[in-house]
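Asker: sequence first, then the predicted structure:
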Amino acid sequence: MLEKVRNRLRRHARIRKKVEGNTERPRLCVFRSNANIYAQVIDDASGKTLCSVSDVKMDKKATKTDRAQKVGTEIAELLKQQNVSTVVFDRGGFAFHGRVKALAEAAKQAGLNF
């Protein structure tokens, strides 16, 4: 199990070398645990988190993929209120499928550009 985490962190470090958010295009960072999914938008130039959403307080009867889609739409709505329409997607070392992909596609459908 420790090796899986180490490999993910290695992949995340490799991604973070290339992906950087700024004021015009902040970074949409995703973290997926076994139970929950978290998304936050970060302006790396100033080192501030613009907004964050998680499914911790959402209805646990829904599937994890459905909750990830709700997180994606919520983060897009919060960014619309802050007049941000374009972000850089940081998948956090996770594979782009399943819940991570569902979150990204829901954010795109809600009007966010990657």
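Answerer: The structure has been received and is ready for your questions. Numbers count the residues shown, from 1 in each chain.

Asker: for N83, see how far away the residue nearest the centre of the chain is.
Answerer: Nearest to the centroid of the C-alpha atoms of the chain, with distances taken as CA atoms, centre = their mean, sits V30, at 2.9 Å. Noted for V30: a distance of 22 Å to N83, by CB to CB, to the nearest Å. Where C-beta positions appear, they are placed from N, C-alpha and C, glycine not excepted.

Asker: where do the helices of this structure begin and end?
Answerer: Listed in chain order, the helices of the chain (DSSP state H) span 2-18, 64-81, 99-109.

Asker: any chance of the ones you listed in a markdown table, with mean pLDDT too?
Answerer: Formatted as a markdown table, these follow (pLDDT from 0 to 100):
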| stretch | mean pLDDT |
| --- | --- |
| helix 2-18 | 95 |
| helix 64-81 | 97 |
| helix 99-109 | 98 |
